[in-house]
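Participant: turn this into a model:
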Amino acid sequence: MSLSVERPGPASDPAATDCWRALGLLAARARRCAEPIASCWLRIGPRPEVRLNAVGPTGGSGWRVSLLLDASAAGRLPPPAAGETRYRIDDLVVPHLVAAGGLPLAAAELVELYAPYCLSAAHATRLRRPFTVSHFAQSLDGRIATGNGDSKWIGCNDNLLHAHRMRALCDGILIGAGTLRTDRPALTVRHAEGADPTRIVVGRAAADDLECMLAAGPGPVLVIGGEGDGPLPPQVERLDLPRRNGRIATAALLAALYQRGILSVYVEGGSATTSAFLAEGTLDIVQLHLAPLVLGAGIPSFSRPPVHAVADAMRFAGHFYRPVGDGVMFVGRVAG
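Facilitator: Numbers count the residues shown, from 1 in each chain. Purely as a prediction, here's the structure:
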(Lines give C-alpha, C1' and ligand atoms only; values in the text may rest on other atoms or scores of the structure.)
Protein backbone atom coordinates (compact mmCIF):
# COMPACT_ATOMS: atom_id res chain seq x y z
CA MET A 1 0.00 0.00 0.00
CA SER A 2 1.33 3.46 -0.89
CA LEU A 3 0.28 6.87 0.29
CA SER A 4 1.02 10.14 -1.44
CA VAL A 5 1.71 12.53 1.39
CA GLU A 6 0.77 16.10 0.57
CA ARG A 7 1.11 18.94 3.04
CA PRO A 8 -2.25 18.98 4.83
CA GLY A 9 -2.79 21.59 7.47
CA PRO A 10 -5.15 23.90 9.28
CA ALA A 11 -4.84 26.47 6.49
CA SER A 12 -7.32 24.47 4.40
CA ASP A 13 -10.18 26.25 6.22
CA PRO A 14 -10.02 29.85 7.49
CA ALA A 15 -11.98 29.02 10.65
CA ALA A 16 -9.65 26.08 11.33
CA THR A 17 -6.61 28.29 10.74
CA ASP A 18 -7.79 30.88 13.23
CA CYS A 19 -8.76 28.18 15.72
CA TRP A 20 -5.43 26.40 15.54
CA ARG A 21 -3.59 29.65 16.22
CA ALA A 22 -5.85 30.37 19.19
CA LEU A 23 -5.14 26.89 20.55
CA GLY A 24 -1.43 27.47 20.13
CA LEU A 25 -1.77 30.67 22.12
CA LEU A 26 -3.72 28.79 24.80
CA ALA A 27 -0.95 26.18 25.08
CA ALA A 28 1.70 28.88 25.44
CA ARG A 29 -0.28 30.79 28.09
CA ALA A 30 -1.12 27.63 30.04
CA ARG A 31 2.52 26.67 30.14
CA ARG A 32 3.42 29.97 31.80
CA CYS A 33 0.52 29.95 34.27
CA ALA A 34 1.68 29.37 37.84
CA GLU A 35 -1.76 28.82 39.40
CA PRO A 36 -4.20 25.92 38.93
CA ILE A 37 -6.37 26.33 35.84
CA ALA A 38 -10.06 25.68 36.44
CA SER A 39 -11.39 27.38 33.31
CA CYS A 40 -10.24 29.26 30.25
CA TRP A 41 -11.71 31.47 27.59
CA LEU A 42 -10.73 31.89 23.94
CA ARG A 43 -11.65 34.31 21.23
CA ILE A 44 -11.08 32.60 17.91
CA GLY A 45 -10.48 34.85 14.95
CA PRO A 46 -7.78 36.76 13.08
CA ARG A 47 -6.73 38.31 16.42
CA PRO A 48 -7.03 35.45 18.94
CA GLU A 49 -7.23 36.11 22.65
CA VAL A 50 -6.90 33.79 25.65
CA ARG A 51 -7.81 34.31 29.29
CA LEU A 52 -7.23 31.78 32.06
CA ASN A 53 -9.53 31.47 35.08
CA ALA A 54 -11.56 34.39 33.77
CA VAL A 55 -14.41 35.26 31.45
CA GLY A 56 -13.30 37.03 28.32
CA PRO A 57 -14.60 40.36 27.09
CA THR A 58 -17.63 40.42 24.83
CA GLY A 59 -16.10 42.84 22.33
CA GLY A 60 -14.00 42.04 19.29
CA SER A 61 -14.70 39.98 16.22
CA GLY A 62 -14.55 36.21 16.13
CA TRP A 63 -16.05 33.27 17.98
CA ARG A 64 -16.05 32.96 21.76
CA VAL A 65 -15.27 29.60 23.41
CA SER A 66 -15.00 28.77 27.12
CA LEU A 67 -13.68 25.55 28.64
CA LEU A 68 -14.32 24.17 32.11
CA LEU A 69 -11.70 21.84 33.55
CA ASP A 70 -13.01 21.92 37.10
CA ALA A 71 -16.73 21.21 37.51
CA SER A 72 -16.83 23.48 40.56
CA ALA A 73 -15.79 26.38 38.33
CA ALA A 74 -19.22 26.33 36.70
CA GLY A 75 -20.76 27.92 39.77
CA ARG A 76 -18.25 30.77 39.71
CA LEU A 77 -18.82 31.68 36.06
CA PRO A 78 -21.80 33.54 34.63
CA PRO A 79 -24.04 31.70 32.16
CA PRO A 80 -22.64 31.55 28.63
CA ALA A 81 -23.11 34.80 26.77
CA ALA A 82 -25.02 34.97 23.52
CA GLY A 83 -22.91 33.41 20.80
CA GLU A 84 -20.50 31.76 23.26
CA THR A 85 -19.68 28.05 22.88
CA ARG A 86 -18.91 26.33 26.16
CA TYR A 87 -17.44 22.89 26.83
CA ARG A 88 -16.88 20.90 30.00
CA ILE A 89 -13.78 18.69 29.83
CA ASP A 90 -14.24 15.45 31.78
CA ASP A 91 -11.64 12.76 32.53
CA LEU A 92 -8.93 15.09 31.17
CA VAL A 93 -9.92 14.62 27.52
CA VAL A 94 -13.66 14.03 27.05
CA PRO A 95 -15.51 17.18 25.85
CA HIS A 96 -19.17 17.78 26.65
CA LEU A 97 -20.97 20.61 24.92
CA VAL A 98 -22.61 22.85 27.54
CA ALA A 99 -23.75 25.67 25.25
CA ALA A 100 -23.69 25.85 21.45
CA GLY A 101 -22.74 29.26 20.15
CA GLY A 102 -22.42 28.82 16.42
CA LEU A 103 -18.75 27.82 16.31
CA PRO A 104 -17.98 26.56 12.78
CA LEU A 105 -17.66 22.80 12.50
CA ALA A 106 -13.99 22.90 11.43
CA ALA A 107 -13.08 24.96 14.51
CA ALA A 108 -15.31 22.95 16.86
CA GLU A 109 -13.60 19.71 15.83
CA LEU A 110 -10.19 21.19 16.64
CA VAL A 111 -11.31 22.54 20.01
CA GLU A 112 -12.94 19.28 21.04
CA LEU A 113 -9.90 17.16 20.16
CA TYR A 114 -6.92 19.39 20.96
CA ALA A 115 -7.93 21.85 23.70
CA PRO A 116 -7.26 19.29 26.48
CA TYR A 117 -3.66 18.89 25.29
CA CYS A 118 -3.18 22.66 25.22
CA LEU A 119 -3.68 22.42 28.99
CA SER A 120 -1.08 19.68 29.51
CA ALA A 121 0.98 22.00 31.69
CA ALA A 122 -1.89 22.26 34.17
CA HIS A 123 -2.13 18.47 34.34
CA ALA A 124 1.65 18.17 34.76
CA THR A 125 1.64 20.59 37.69
CA ARG A 126 -0.97 18.46 39.43
CA LEU A 127 0.79 15.17 38.61
CA ARG A 128 4.29 16.51 39.37
CA ARG A 129 5.51 14.83 36.20
CA PRO A 130 4.98 15.35 32.46
CA PHE A 131 1.51 14.64 31.07
CA THR A 132 1.86 11.63 28.74
CA VAL A 133 -0.05 10.69 25.59
CA SER A 134 0.65 7.70 23.34
CA HIS A 135 -0.40 7.30 19.72
CA PHE A 136 -0.45 4.33 17.38
CA ALA A 137 -1.90 3.69 13.94
CA GLN A 138 -2.94 0.05 13.91
CA SER A 139 -4.77 -2.46 11.76
CA LEU A 140 -8.17 -3.88 12.69
CA ASP A 141 -6.42 -6.93 14.11
CA GLY A 142 -4.28 -4.80 16.42
CA ARG A 143 -0.98 -4.70 14.50
CA ILE A 144 1.18 -1.59 14.30
CA ALA A 145 3.65 -3.12 11.84
CA THR A 146 4.32 -6.28 9.89
CA GLY A 147 6.61 -8.95 11.27
CA ASN A 148 9.65 -7.29 9.68
CA GLY A 149 8.74 -3.88 11.12
CA ASP A 150 7.13 -2.21 8.10
CA SER A 151 4.47 0.28 9.22
CA LYS A 152 4.20 2.63 6.23
CA TRP A 153 1.44 3.42 5.67
CA ILE A 154 -1.01 1.96 8.16
CA GLY A 155 -2.39 5.40 8.92
CA CYS A 156 -3.76 7.95 6.45
CA ASN A 157 -3.06 11.60 5.59
CA ASP A 158 -5.50 12.84 8.22
CA ASN A 159 -3.84 10.69 10.88
CA LEU A 160 -0.45 12.05 9.81
CA LEU A 161 -1.76 15.58 10.23
CA HIS A 162 -3.10 14.66 13.68
CA ALA A 163 0.27 13.28 14.75
CA HIS A 164 2.06 16.47 13.68
CA ARG A 165 -0.50 18.63 15.50
CA MET A 166 0.14 16.59 18.64
CA ARG A 167 3.88 17.03 18.20
CA ALA A 168 3.37 20.79 17.97
CA LEU A 169 1.38 20.84 21.23
CA CYS A 170 3.81 18.73 23.28
CA ASP A 171 7.15 19.68 24.79
CA GLY A 172 8.75 16.33 23.98
CA ILE A 173 8.24 13.43 21.60
CA LEU A 174 9.55 10.06 22.73
CA ILE A 175 10.40 6.80 20.99
CA GLY A 176 12.40 3.71 21.81
CA ALA A 177 15.76 2.91 20.23
CA GLY A 178 14.17 0.04 18.30
CA THR A 179 11.72 2.39 16.59
CA LEU A 180 14.60 4.72 15.79
CA ARG A 181 16.53 1.96 14.05
CA THR A 182 13.52 0.62 12.15
CA ASP A 183 11.68 3.78 11.08
CA ARG A 184 14.47 6.39 10.97
CA PRO A 185 12.01 9.19 11.89
CA ALA A 186 12.71 12.91 11.89
CA LEU A 187 10.17 13.60 14.68
CA THR A 188 9.75 17.23 13.58
CA VAL A 189 6.59 19.26 12.95
CA ARG A 190 6.10 19.53 9.20
CA HIS A 191 2.37 19.22 8.46
CA ALA A 192 1.02 21.70 11.01
CA GLU A 193 1.88 25.13 12.34
CA GLY A 194 4.00 24.92 15.47
CA ALA A 195 7.45 24.47 16.95
CA ASP A 196 9.42 21.22 17.02
CA PRO A 197 9.39 19.35 20.35
CA THR A 198 12.46 17.99 22.08
CA ARG A 199 13.17 14.63 20.44
CA ILE A 200 13.77 11.90 23.01
CA VAL A 201 15.13 8.41 22.39
CA VAL A 202 15.09 5.81 25.15
CA GLY A 203 17.66 3.02 24.97
CA ARG A 204 20.94 2.32 23.26
CA ALA A 205 21.11 4.59 20.21
CA ALA A 206 24.16 4.48 17.96
CA ALA A 207 25.48 7.68 16.42
CA ASP A 208 24.56 6.51 12.90
CA ASP A 209 20.95 5.91 13.95
CA LEU A 210 20.56 9.54 14.98
CA GLU A 211 21.56 11.03 11.62
CA CYS A 212 17.92 11.00 10.45
CA MET A 213 17.01 13.41 13.25
CA LEU A 214 20.09 15.60 13.00
CA ALA A 215 19.58 16.05 9.25
CA ALA A 216 15.93 17.05 9.77
CA GLY A 217 16.53 20.07 11.97
CA PRO A 218 18.68 21.70 14.64
CA GLY A 219 16.21 21.17 17.50
CA PRO A 220 17.29 19.41 20.68
CA VAL A 221 17.81 15.66 20.68
CA LEU A 222 18.08 13.80 23.98
CA VAL A 223 19.11 10.16 24.37
CA ILE A 224 18.17 8.58 27.67
CA GLY A 225 20.39 5.56 28.12
CA GLY A 226 22.60 4.00 30.72
CA GLU A 227 26.23 4.01 31.65
CA GLY A 228 28.51 2.34 29.15
CA ASP A 229 26.68 3.32 25.94
CA GLY A 230 28.83 4.40 23.03
CA PRO A 231 29.74 8.01 22.11
CA LEU A 232 27.12 10.27 20.53
CA PRO A 233 27.38 13.23 18.14
CA PRO A 234 28.16 16.53 19.89
CA GLN A 235 24.71 17.94 19.01
CA VAL A 236 23.03 15.14 20.97
CA GLU A 237 22.67 15.29 24.74
CA ARG A 238 22.76 12.08 26.71
CA LEU A 239 21.12 11.58 30.05
CA ASP A 240 22.34 8.55 31.97
CA LEU A 241 19.74 6.90 34.18
CA PRO A 242 20.15 3.60 36.00
CA ARG A 243 18.67 0.46 34.50
CA ARG A 244 16.92 -2.24 36.47
CA ASN A 245 16.63 -5.64 34.81
CA GLY A 246 17.87 -3.99 31.63
CA ARG A 247 15.19 -1.26 31.58
CA ILE A 248 14.94 2.35 32.68
CA ALA A 249 11.94 2.97 34.94
CA THR A 250 9.46 5.29 33.22
CA ALA A 251 8.81 7.16 36.47
CA ALA A 252 12.51 8.02 36.78
CA LEU A 253 12.60 9.01 33.12
CA LEU A 254 9.62 11.34 33.50
CA ALA A 255 11.00 12.83 36.70
CA ALA A 256 14.21 13.76 34.88
CA LEU A 257 12.25 15.34 32.01
CA TYR A 258 10.06 17.28 34.44
CA GLN A 259 13.16 18.75 36.06
CA ARG A 260 14.19 19.97 32.61
CA GLY A 261 10.89 21.79 32.12
CA ILE A 262 9.33 19.23 29.78
CA LEU A 263 5.69 19.17 30.89
CA SER A 264 4.12 17.03 28.16
CA VAL A 265 5.43 13.97 26.34
CA TYR A 266 4.00 12.44 23.16
CA VAL A 267 4.95 8.76 23.01
CA GLU A 268 5.10 7.51 19.40
CA GLY A 269 6.34 4.01 20.07
CA GLY A 270 7.27 1.41 19.71
CA SER A 271 5.22 -1.30 21.31
CA ALA A 272 7.74 -2.20 24.03
CA THR A 273 8.31 1.41 25.04
CA THR A 274 4.61 2.29 25.17
CA SER A 275 3.77 -0.95 26.98
CA ALA A 276 6.35 -0.10 29.66
CA PHE A 277 4.62 3.23 30.34
CA LEU A 278 1.26 1.48 30.47
CA ALA A 279 2.48 -1.30 32.78
CA GLU A 280 4.14 1.15 35.18
CA GLY A 281 1.11 3.43 35.41
CA THR A 282 2.75 6.48 33.85
CA LEU A 283 0.63 6.77 30.69
CA ASP A 284 -2.29 9.19 30.91
CA ILE A 285 -3.97 9.08 27.49
CA VAL A 286 -4.03 6.45 24.74
CA GLN A 287 -4.81 7.39 21.14
CA LEU A 288 -5.36 4.50 18.72
CA HIS A 289 -6.04 5.13 15.04
CA LEU A 290 -7.86 2.08 13.65
CA ALA A 291 -7.15 1.66 9.94
CA PRO A 292 -9.43 -0.39 7.65
CA LEU A 293 -6.97 -3.19 6.94
CA VAL A 294 -5.97 -6.57 8.34
CA LEU A 295 -2.33 -7.69 8.46
CA GLY A 296 -2.91 -11.19 9.82
CA ALA A 297 0.33 -11.17 11.79
CA GLY A 298 2.90 -8.67 12.96
CA ILE A 299 3.82 -6.47 15.91
CA PRO A 300 0.95 -5.86 18.36
CA SER A 301 0.13 -2.42 19.78
CA PHE A 302 0.70 -3.50 23.37
CA SER A 303 2.54 -6.28 25.12
CA ARG A 304 0.83 -7.23 28.37
CA PRO A 305 0.46 -10.36 30.50
CA PRO A 306 -2.64 -12.37 29.58
CA VAL A 307 -5.74 -12.25 31.77
CA HIS A 308 -7.92 -15.25 32.55
CA ALA A 309 -11.19 -13.33 32.74
CA VAL A 310 -12.56 -10.34 30.86
CA ALA A 311 -13.26 -8.70 34.22
CA ASP A 312 -9.49 -8.54 34.79
CA ALA A 313 -8.77 -6.66 31.56
CA MET A 314 -7.26 -3.20 31.61
CA ARG A 315 -10.02 -0.65 31.14
CA PHE A 316 -10.27 3.00 30.28
CA ALA A 317 -12.14 5.71 32.13
CA GLY A 318 -13.45 8.54 29.96
CA HIS A 319 -13.11 7.78 26.25
CA PHE A 320 -14.58 8.56 22.85
CA TYR A 321 -14.23 7.65 19.18
CA ARG A 322 -13.70 10.08 16.34
CA PRO A 323 -13.60 9.57 12.55
CA VAL A 324 -10.16 10.36 11.11
CA GLY A 325 -9.83 10.06 7.35
CA ASP A 326 -10.76 6.54 6.28
CA GLY A 327 -10.42 5.21 9.84
CA VAL A 328 -11.49 5.99 13.37
CA MET A 329 -9.48 7.09 16.40
CA PHE A 330 -10.04 5.87 19.95
CA VAL A 331 -9.06 8.36 22.66
CA GLY A 332 -9.17 7.17 26.25
CA ARG A 333 -7.83 8.05 29.68
CA VAL A 334 -6.08 5.18 31.37
CA ALA A 335 -8.14 4.25 34.44
CA GLY A 336 -6.44 5.01 37.73
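Participant: the helices in the stretch 1-150 of the chain, which residues?
Facilitator: Ranges of helices within the stretch 1-150 of the chain are 14-32, 105-118, 120-127, based on DSSP state H, counting those that start in this stretch.
Participant: the longest one vs helix 120-127, what angle?
Facilitator: Direction vectors for helix 14-32 and helix 120-127, defined by axes from the mean of the first three to the mean of the last three Cα atoms, to 10 degrees, enclose an angle of 30 degrees.
Participant: how much does helix 14-32 deviate in direction from helix 105-118?
Facilitator: Helix 14-32 and helix 105-118 are oriented at 10 degrees to each other (the same axes, to 10 degrees).
Participant: quick one on the thing from earlier: closest one to residue 153 among the helices of the stretch 1-150 of the chain?
Facilitator: Of all the helices of the stretch 1-150 of the chain, it is helix 105-118 that lies closest to residue 153, at 21.3 Å by Cβ to Cβ. No exception for glycine: its C-beta is placed from N, CA and C like everyone else's.
Participant: who touches that closest one?
Facilitator: Here helix 105-118 makes contact (Cβ atoms under 8 Å, 6 or more residues apart in numbering) with 10, 13, 15-16, 18-20, 23-24, 26-27, 30, 42, 44, 63, 65, 67, 85, 87, 89, 92-93, 95, 103, 133, 162, 165-166, 169-170, 264, 322, 331.
Participant: 6 Å instead, please
Facilitator: With Cβ atoms under 6 Å, 6 or more residues apart in numbering as the contact definition, helix 105-118 has outside contacts at 13, 15-16, 19, 23, 26-27, 44, 65, 67, 89, 92-93, 95, 169.
Participant: what's the answer for stretch 222-235, then?
Facilitator: By Cβ under 6 Å, 6+ apart, stretch 222-235 touches 198, 200-202, 204-205, 207, 214, 236-241, 243, 253.
Participant: then stretch 86-101?
Facilitator: Here stretch 86-101 makes contact (Cβ under 6 Å, 6+ apart) with 66-69, 80, 83-85, 112, 116, 285, 317-318, 320, 331, 333.
Participant: let's see if you can find the most crowded of these.
Facilitator: When neighbours are counted by other Cβ atoms under 10 Å, residue 116 leads those with 27 neighbours.
Participant: residue 164 versus that one, what's the distance?
Facilitator: 18 Å (Cβ to Cβ, to the nearest Å).
Participant: in the stretch 151-300 of the chain, where is pLDDT below threshold?
Facilitator: For the stretch 151-300 of the chain, the stretches with pLDDT under 70 are 226-229.
Participant: can you give me the strands for it?
Facilitator: Along the stretch 151-300 of the chain, counting by DSSP state E, counting those that start in this stretch, strands occupy 172-176, 198-202, 221-225, 236-240, 264-267, 285-290, 299-300.
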